[in-house]
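Sequence and predicted structure below; questions after.
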Amino acid sequence: MDSRVPSPPSTTPERMGRRIPGNRLGRRLLGAIVLFSVAASLVSTAVQLATDYRGEVHALEERLEQLRLSYAQSVAQSLWSLDEAPLRIQLEGMTTLPDIVQAEVDSALGTHYQAGAAPGTDAVVRSIPLYHGPLFLGTLRVSATLEGIHARLRDRVLVILATHAAQTFLIALFVLFVVQRMVTQHLATLAAYTRGLGPAHLDAPLVLRHEAPGPAGGDELDEVCSAINEMRESLRQELGERQRSEAANALLAEAGEVLLSSLEMEKVLPRVASLCVGALADWCVIDLLEDGEMRRVGGAHVDAEKRALLGELQRRYPPGPGSTSPPAHVARQGPPVLVPHVTDEKLRAMVVDEAHFQLARALGIQSLLVVPLVAREHRLGAITFVSATPERYGPAELALARELASRAAIALDNARLYRHAERAIRLREVFLSVAAHELRTPLLPLQLRLQSLLRRGRSGAALEPARLLEEVATAERQTRQMGLLVDPLLDVSQLSAGHALELRRRRVDLSALVAEVLEELRPQVEASGSEVRRELRGPAVGWWDARRLEQVVTGLVRNALKFGEGRPIDVRVTPRDGAVVLVVRDNGIGMPEGERERLFERFGRGVPVRHYGGLGLGLYLTRQLVVAHGGSISVESRPGEGSTFTVELPVDEAPDAVG
C-alpha cells in the first residue's frame with residue numbers, strides 16, 4: 001500500500017483516553033530469542049564437539065592401523081634375527097607418533113621389549129601378532145591415550161561456543177529488528193482501527209504505512225488488513241442483506257401459504273409464478289417434467305403488456321423432448337443455471353432461430369436463473385427466473401430460488417402422492433372385486449355339486465361309484481383352480497413384506513417340464529381353439545426350482561391362450577452357451593409400446609379387466625420368479641400382431657446353491 005495515504009483517525013495509538021502499551025511483544029520476543037540463542041549455541045557446540053571427538057578417535061584408529069601396516073613386518077624381522085638394537089629403535093619411533101604412549105613386544109621365547117610409559121585408564125590398546133612366514137614370533141602391543149584428544153577439545157570448546165553464540169545472537173537481533181520493523185509497529189494500528197470499527201467509520205478503509213506489495217502479492221499483514229476491510233465491507237452491507245433476507249422470508253412465507261392452499265397444482269403453480277414476479281424476477285415460468293416431456297403450467301410477467309408474449313413463447317417454442325434450453329436441461333439432469341449477464345451470444349446459444357431470439361429479447365432477458373424442482377431425488381420440473389437488469393442474480397438469489405423450488409417440489413410431490421394414493425385405493429377396490437369374482441367362479445360350481453351330493457345322500461338315493469368318482473374329481477379340479485388363485489396372492493404378500501421368494505433348486509430339464517405343462521393344459525388349449533406349436537430342443541438342463549418354473553411356463557402359456565384369439569401359439573426351448581431360452585409367442589391382439597413395461601407391474605394390465613378378467617398378478621410374479629433364478633424376461637408386441645415373451649435362464653450355477 002502507498003505510504004503517503006493517511007490512515008483514518010480511528011487508527012491513532014490513543015483512543016478515548018486509552019493508551020496502547022509499549023513494545024511488550026518486542027521485549028518478549030527478544031527474551032525468547034536470547035534463550036533460543038543460548039540453547040542453540042549449546043546444542044551446536046555439543047554437536048561440533050561430538051563431531052570433532054569422533055574425528056579425532058577415527059584418526060587415532062587410522063594411526064594404529066598404519067602402525068600395523070608399517071612396523072609389524074620390520075619388527076617381526078628384527079625379532080627373527082634377534083637384533084635388539086633395531087627392535088628398540090623401532091619401538092621408540094612408534095612412541096613419537098601423536099597420542100602413542102607405549103609400544104611393547106612379547107616374543108614367543110619369553111623375552112619382553114618395551115618403549116614409552118604405561119598408559120592411564122583412558123587408553124586404546126591394539127595387539128598385533130608377529131609372524132615370520134607361518135611361524136608365530138610374538139605379539140606387538142601399541143597403547144594410545146585419549147588425554148591428548150580431550151585436551152584439544154577443551155581448548156576448542158570455548159572458541160566454538162563463543163563463535164556459535166555470537167552468530168546466533170546476531171541473527172536473533174536481526175530477526176528482532178525485522179519483526180519490529182515489519183510487524184509489531186503495525187499491530188497497534190490494527191488494534192486501534194478494529195476498536196474504532198463501527199457505523200461511523202465504515203466508509204474509511206484501513207491503511208498500513210509500509211511499502212506497497214510487489215507483483216507477487218502482499219504479505220500476511222496485507223492479508224489481515226484485507227480481511228479487516230472485508231469485514232468492514234460486510235458490516236456495511238449488513239443492513240442491505242437484512243432487508244433482502246426479510247423480503248426473502250416474506251416471499252417464502254407467502255409462497256408457502258399459496259402452496260398449502262390446494263392440492264390442485266395446475267391452479268397453485270401459476271400463483272407462485274406471479275408471487276415471484278417483482279420480488280425475484282421480471283418474468284417467471286414453471287415447467288413440469290411428465291413422462292420425459294416438459295409441460296408449462298405457469299408463467300407471469302411484471303409488464304402486463306408483455307404477458308401475451310409468454311403465451312406466444314409457449315405456443316411457438318415449447319421445450320420438446322430434444323430441447324437443449326436451460327429449463328429442459330435443468331429439469332432433466334443438470335444443476336441450477338445462473339447467468340448473471342445474458343449477452344446476445346449467450347442468448348443465441350439458448351434459442352432455436354432468429355424469431356425465437358427476437359421474442360426472448362422482447363420479453364427482456366439480461367440475467368437468468370433456472371433451478372430444478374426435486375423431491376425425494378425425483379426431478380419434477382424447473383422454475384425459470386428472468387430479469388431485464390444485468391447482474392441481478394447471485395449466490396443469495398440462487399439460495400432463495402432453490403429454497404422456493406424445494407418447497408414447491410415438496411408440495412407438488414405431496415399432491416402427486418395424494419393422487420397416487422387415491423388411484424391405489426381405487427385399484428385395490430377393483431382388485432378385491434376381481435379377486436372375489438375370480439374366487440367365486442370355481443367356488444359356486446363346487447358348492448352346487450357338494451349340495452347336490454348332500455341332498456342325494458340325505459334322501460337315501462343310491463350313488464353310483466362312477467358318478468361319485470366323477471363328482472369328486474370335478475371338485476378336486478375346482479379346488480386346485482382355487483389354489484392357483486390363492487398361491488399368487490401369497491407370493492405377492494411375501495414380496496410386499498420384503499421377503500425373497502423361496503427356491504428349491506434341483507436338476508431340471510426345461511424341455512421336459514414345458515412338455516408336462518402343455519399336457520396338463522391340454523383341456524384349456526382345446527377350449528381356446530388355438531394350436532400350440534412346440535419346438536423343444538434338448539437337453540436344456542439347469543439347476544432350478546421345478547415348481548416355480550412350472551408357474552412361469554403355465555403363466556406365459558395361459559396368457560397366450562387368453563389373448564391369442566384362437567390363433568396358433570409357438571412355444572420354443574433353445575439351449576445356448578451358459579443359458580436356456582424359453583420363447584412363448586401368440587398371434588393375438590398385441591399391445592402398444594407404452595403398455596409393455598406396465599405388464600410386469602403389480603396389478604398391471606394391458607387390456608380392460610371387464611373384458612378379460614384376471615388378478616393382474618401373473619406376469620408380475622413371472623418376472624419376479626425369473627429374476628430370482630438370475631434370469632431375465634422381455635416382451636415384444638405390436639397391436640394386432642401378437643406378443644412374444646422371451647425368458648433367459650442361466651444354467652452355470654453350482655449344484656449346492658440351493659435357494
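Sure, I can see it.

thinking Pro205 is in contact with Met231, fair?
No - taking C-beta atoms under 8 Å as the definition, Pro205 is not a contact partner of Met231, at 11.2 Å. C-beta here means a position set from N, CA and C on the backbone, and glycine is covered the same way.

Give me the more crowded residue out of these two.
For Pro205 and Met231, the more surrounded residue by other C-beta atoms under 10 Å is Pro205, and the numbers stand at 17 against 13.

Helix, strand, or coil at the more buried one?
Under the three-state scheme (DSSP: H, G, I helix; E, B strand; the rest coil), Pro205 adopts coil.

do the one 3 residues further on as well
Reducing the assignment to helix, strand or coil with three-state DSSP, the entry for Leu208 is coil.

So it is in contact with Leu221, correct?
Yes - using C-beta under 8 Å, Leu208 is in contact with Leu221, at 6.1 Å.

Now do the shared contacts for the two.
Jointly contacting Leu208 and Leu221 under the rule C-beta atoms under 8 Å, 6 or more residues apart in numbering are His186.

got the phi/psi numbers for the residue nearest the centre of the chain?
Taking C-alpha atoms, centre = their mean, the centroid of the chain lies closest to Glu377, which sits 15.3 Å from it. The phi/psi pair for Glu377 (degrees, to the nearest 10) reads phi 60, psi 20.

Could you pull out the strands in the stretch 451-600 of the chain for me?
Using DSSP state E, counting those that start in this stretch, the strands of the stretch 451-600 of the chain run over residues 506-509, 532-536, 541-544, 569-576, 579-586.

Make CSV out of the ones you listed and add mean pLDDT.
Compiled in CSV, the strands of the stretch 451-600 of the chain are given as follows (pLDDT from 0 to 100):
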stretch, mean pLDDT
strand 506-509, 91
strand 532-536, 90
strand 541-544, 91
strand 569-576, 92
strand 579-586, 93
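
Next, the contact list for Asn229, please.
Pro205, Leu206.

what's the spacing between it and Leu625?
71 Å (C-beta to C-beta, to the nearest Å).

Next: Gly133.
Gly133 is 100 Å from Leu625, by C-beta to C-beta.

What does the pLDDT read for Arg24?
Predicted confidence (pLDDT) at Arg24: the value is 71.

Could you report the neighbour count for it?
Neighbours of Arg24 using other C-beta under 10 Å come to 10.

how deep is Ala281 tucked in, by neighbour count?
Neighbours of Ala281 using other C-beta under 10 Å come to 26.

how much distance is there from the one helix or strand Glu266 maps to to the middle of the chain?
Using DSSP states H and E, Glu266 falls within helix 265-279. From the chain centre to the centre of helix 265-279 is a distance of 36 Å (C-alpha atoms, centre = their mean, to the nearest Å).

what about that helix, average pLDDT?
Helix 265-279 comes out at a mean pLDDT of 85.

swap in stretch 470-490?
66.

What of stretch 286-296?
Average pLDDT, stretch 286-296: 83.

Would you mark the buried spots in the helix or strand that contains Ile128?
Assessed by DSSP H and E, Ile128 sits inside strand 123-132. Neighbour-count burial for strand 123-132 flags Val124, Arg126, Ile128, Leu130 (criterion: 16 or more other C-beta atoms under 10 Å).
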